[in-house]
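Chemist: Quick one: sequence and predicted model below, then my questions.
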Amino acid sequence: MKTLEKVSVIIVNWNGEEHLKKCIPTLEKIDYPNFEIIFVDNASKDQSIDLIKDFAKRMRQKNVKIHTVVNKKNLGFAGGNNVALSSVTGKYVLLLNNDTTVTKNFIKELVTAIEKNPNVDCVQSKILSMDYPEKLDSVGAYLTNTGFLYHYGYFQKNKLSYDSTRELYTAKGACMMVKKEVIDKIGLFDPDFFAYFEESDFCHRIWLSGGKVVYAPKSVIYHKVGGTSNSMNNAFIQFHSFKNRINSYLKNLGTFALIKILPIHLLLCELAAISFIPKGRIDLFFAINSAIFWNVKTLRKTLKKRNKIQNKLRTVPDAKFMKNIKRSPGIRYYYYLFAKSLVGYKE
């Protein structure tokens, strides 16, 4: 009988006591026989640590190791996951949000999906809405010529057409499994990305290095959409979302794609910022412009990163994979995106 490869599950937490109360009971029912969990707490002020300690005691009885890392300050989603890597002992690394609940076989199905094709380096579960379980959170995201991501299946009814495996530009960080050897080769998250778009930046590097990102619909979890974000200031969210998205393109896009996409994206970013003024959200206007200015201020550092990515990490040209990761949604999609002020949402 084949021995199943070990999976290291990383869960980053910040004041997520209420989320953990729902997440932990489902983790106890996982039927995969070879996994560990690494909890990273970002200086929580609630009772999260007590919940994790009790959970660890129960899981020891099942021979499942729980590692707990307590940071002295909030390092964000990116920093928290990066810190956890020193504790990883599995062949596969599974990033899982604390505001999720899981099905018992979700790890097994992810492992099956990632082992089907040696070129697949990252897989994402089917993520359903916790509040509306008949609807999808999203299947995953695609790159567009505007630079704003197309979130395929976002809040659509879960139906048969979403049960097929497909390649994605980026998996969603709420639940994504990656080969540890790939992380060792290309790194995980950019330490300058506190939160938002960090998984997209990472997945882009996977494509550049010759790997693939795939949606695995037989693996199912539920996600409290916006669960963690609801505790954050909206201007903070927009700043980091816009900052990181622009920075990621500056580093990762090939020269032709950069010239084609970035000017349009920056124009639309400014229009998005201006659109908040009539709504009385001057804070969001300044957040987006601060994000653009941050990229101007740090351009020299970004270009050094770009040089390393383009000349050392990249093994394939954009032309080889761009058709797989790009989509052209209609004008209605962009109208909805801007009308609902979702231009930074989930990115």
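Modeler: That came through, no problem.

Chemist: so how far is residue 25 from residue 282?
Modeler: Using Cβ to Cβ, to the nearest Å, one obtains 43 Å as the distance from residue 282 to residue 25. Any C-beta I mention is one placed from the backbone N, CA and C, and that applies to glycine too.

Chemist: Could you do residue 305 as well?
Modeler: 41 Å.

Chemist: Please report phi then psi for residue 150.
Modeler: Reported as degrees, to the nearest 10, the phi and psi values for residue 150 are phi -100, psi 110.

Chemist: Give me the neighbour count for it.
Modeler: Taking other Cβ atoms under 10 Å as the criterion, the count of residues near residue 150 is 20.

Chemist: That one: what's it in contact with?
Modeler: Applying Cβ atoms under 8 Å, 6 or more residues apart in numbering to residue 150 gives the contacts 141, 142, 143, 144, 327, 329, 333.

Chemist: Can you name the residues bridging to it?
Modeler: With beta bridges defined as DSSP bridges, residue 150 has these partners: residue 142.

Chemist: tell me which element residue 261 is part of?
Modeler: Secondary structure assignment for residue 261, by DSSP states H and E: helix 255-275.

Chemist: what's the pLDDT at residue 225?
Modeler: pLDDT, residue 225: 77.

Chemist: Same question for residue 178.
Modeler: With respect to pLDDT, residue 178 has a value of 98.

Chemist: Hmm, it is touching residue 95, no?
Modeler: Yes - using Cβ atoms under 8 Å as the test, residue 178 is close enough to residue 95 to be in contact (7.4 Å).

Chemist: Same drill for the two, tell me which one is more crowded.
Modeler: residue 95 (27 against 24).

Chemist: Tell me the strands beside whichever strand or helix holds that one, with direction?
Modeler: Using DSSP H and E, residue 95 sits within strand 92-96. Each strand that strand 92-96 pairs with, and the sense of that pairing, follows from DSSP bridges: strand 7-13 (parallel), strand 175-179 (antiparallel).

Chemist: Output the below-cut-off pLDDT ranges for this structure.
Modeler: Per-residue confidence of the chain (counting by pLDDT under 70) places the weak regions at 1, 226-232, 338-347.

Chemist: Looking at it, which strand is longest?
Modeler: With DSSP state E setting the assignment, residue counts place strand 212-223 as the longest strand in the chain.

Chemist: Parallel or antiparallel, list what pairs with that strand.
Modeler: Sheet partners assigned to strand 212-223 using DSSP bridges are listed as strand 100-102 (antiparallel), strand 120-129 (parallel), strand 166-167 (antiparallel).

Chemist: Present those strands as TSV; the columns should include distance to residue 263.
Modeler: Output for the strands paired with strand 212-223, formatted as TSV (distance: least, Cβ to Cβ, whole Å):
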stretch	distance to residue 263
strand 100-102	37
strand 120-129	29
strand 166-167	27
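
Chemist: out of those strands, deepest packed?
Modeler: Among the strands paired with strand 212-223, judged by mean count of other Cβ atoms under 10 Å, the one packed with the most neighbours on average is strand 120-129 (a mean of 25).

Chemist: Helix or strand next in line after that one, which one?
Modeler: strand 136-138.

Chemist: Can you spell out which helices and strands pack onto the helix holding residue 261?
Modeler: helix 234-252, helix 282-297, helix 318-325 (3 or more Cβ pairs under 8 Å, 6 or more residues apart in numbering; DSSP states H and E).

Chemist: Of these, give the one that comes closest to residue 111.
Modeler: In terms of Cβ to Cβ, the element of the helices and strands packed on helix 255-275 nearest to residue 111 is helix 318-325, at 22.9 Å.

Chemist: how about residue 66, phi and psi?
Modeler: Residue 66 has phi and psi values of phi -120, psi 120 when expressed as degrees, to the nearest 10.

Chemist: Quickly find the element holding the closest residue to it other than its chain neighbours.
Modeler: The shortest distance from residue 66 to any non-neighbouring residue, by Cβ to Cβ, 6 or more residues apart in numbering, is to residue 56 (3.8 Å). Assigned by DSSP H and E, residue 56 falls within helix 48-60.

Chemist: in that helix, what's buried?
Modeler: Within helix 48-60, the residues that qualify as buried by neighbour count (16 or more other Cβ atoms under 10 Å) are 48, 51, 52, 55, 56, 59.

Chemist: so residue 134 touches residue 157, yeah?
Modeler: Yes - with contact taken as Cβ under 8 Å, residue 134 and residue 157 are classed as touching, separated by 6.2 Å.

Chemist: Kindly provide the distance from residue 135 to residue 48.
Modeler: With the distance defined as Cβ to Cβ, residue 135 ends up 28 Å from residue 48.
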